[in-house]
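**Q** The following comprises the amino acid sequence and a computationally predicted model.
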Protein chains: 2
Amino acid sequence: MMAAQQLDLVFGALADPTRRAILARLAEGEATVNQLVTPFRLSQPTISKHLKVLEHAGLVSRGREAQFRPVRLEAAPLAAAEQWIGEYRRFWEASFERLDTLVQDMKRKENDHG
Amino acid sequence: MMAAQQLDLVFGALADPTRRAILARLAEGEATVNQLVTPFRLSQPTISKHLKVLEHAGLVSRGREAQFRPVRLEAAPLAAAEQWIGEYRRFWEASFERLDTLVQDMKRKENDHG
DNA sequence: CGTTTATATAGCTATGTAGAAATATAGCGA
DNA sequence: TCGCTATATTTCTACATAGCTATATAAACG
């Protein structure tokens, strides 16, 4: 099992929309810091700080090519996060079933009254 | 799709080990606030504050029975969080494949040298 | 009623974080 | 070497959060 502290870092990193957007961008491939800066109206240091948080959580890794430090997605920690959440699947599936039942009931009543 | 802000709240709530432990406890069934306090060496107000965070994220709901405010797990937001993470599954599966390949390579070399 | 029990709120401290601007570092290219 | 580009670091402000103690509310109980 992943250390609890690692989950703290991963979920903490995912709690920010800018960082989630950075990961989404990286899903399309490696990017330089400036490529990550442009779409957001945020300063370069701010993006660098977000990258440090992501790196600390193990969600990105950095290369080194001349004066560029390309950023790559590292998805492995997401597997652990998904696994943690997955332990609760039966609960939300149960509630969706209840929702289904409710919807069916409503439809049936509609027909009864139609 | 879930609003981005909702994901902020859910991932933010999951980023704390006390809150994850509270959810784990609630997976075994409804609990009162004091029942949630005892296993943690934290004060009751501290737990109440964590419960407020969880409630704000939609991960728990509160009942009202006499002077008790029983806490129930609400797993639905976890489905959205899992779905968000699930978009990246192909990336971690890819890296596990690479790991597999690596392990197989190592085993093969071991045999070559044994 | 007053007392006890369960929970919430207020107020505080310490720490963390998101953002900015300014500056430093590092590599490339003329 | 000089200057340009890419990125990191520093320093600041504003705000959020985890924890505490003390106190307030609210319902049950005697």
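**A** Thanks, I have the structure now. Residues are numbered from 1 along each chain as shown, chains lettered A, B, ... in the order given.

**Q** Which residue is the nearest non-sequential neighbour of A:V71?
**A** A:V60 (5.2 Å; Cβ to Cβ, 6 or more residues apart in numbering or on different chains). In short, each C-beta sits where N, CA and C put it, glycine included.

**Q** which strand residues sit across from that neighbour in the sheet?
**A** A:L73 (DSSP bridges).

**Q** what about stretch A:30-43, near chain B?
**A** No - Stretch A:30-43 does not reach chain B (Cβ under 8 Å from any Cβ of the partner chain); its nearest approach is 12.4 Å.

**Q** Identify the residues contacting that stretch?
**A** A:18, A:21-22, A:25, A:44, A:47-48, A:51, A:63, A:68-72 (Cβ atoms under 8 Å, 6 or more residues apart in numbering or on different chains).

**Q** Now do the same contact list for the residue nearest to A:V71.
**A** A:22-23, A:26, A:51, A:54, A:71-74.

**Q** make it 10 Å
**A** By Cβ atoms under 10 Å, 6 or more residues apart in numbering or on different chains, the residues touching A:V60 are A:13, A:19, A:22-23, A:26, A:30-31, A:36, A:50-54, A:70-75.

**Q** hang on, the earlier thing: mark which of the contacts of stretch A:30-43 are buried, thanks.
**A** Neighbour counting by 16 or more other Cβ atoms under 10 Å in any protein chain shown classes A:18, A:22, A:25, A:47, A:51, A:70-71 among the contacts of stretch A:30-43 as buried.

**Q** mind listing what A:R19 touches?
**A** So A:R19 contacts A:12-13, A:47, A:50-51, A:53-54, A:57, A:59-60, B:11 (Cβ under 10 Å, 6+ apart).

**Q** For A:A3, the count of nearby residues, please.
**A** 9 (other Cβ atoms under 10 Å in any protein chain shown).
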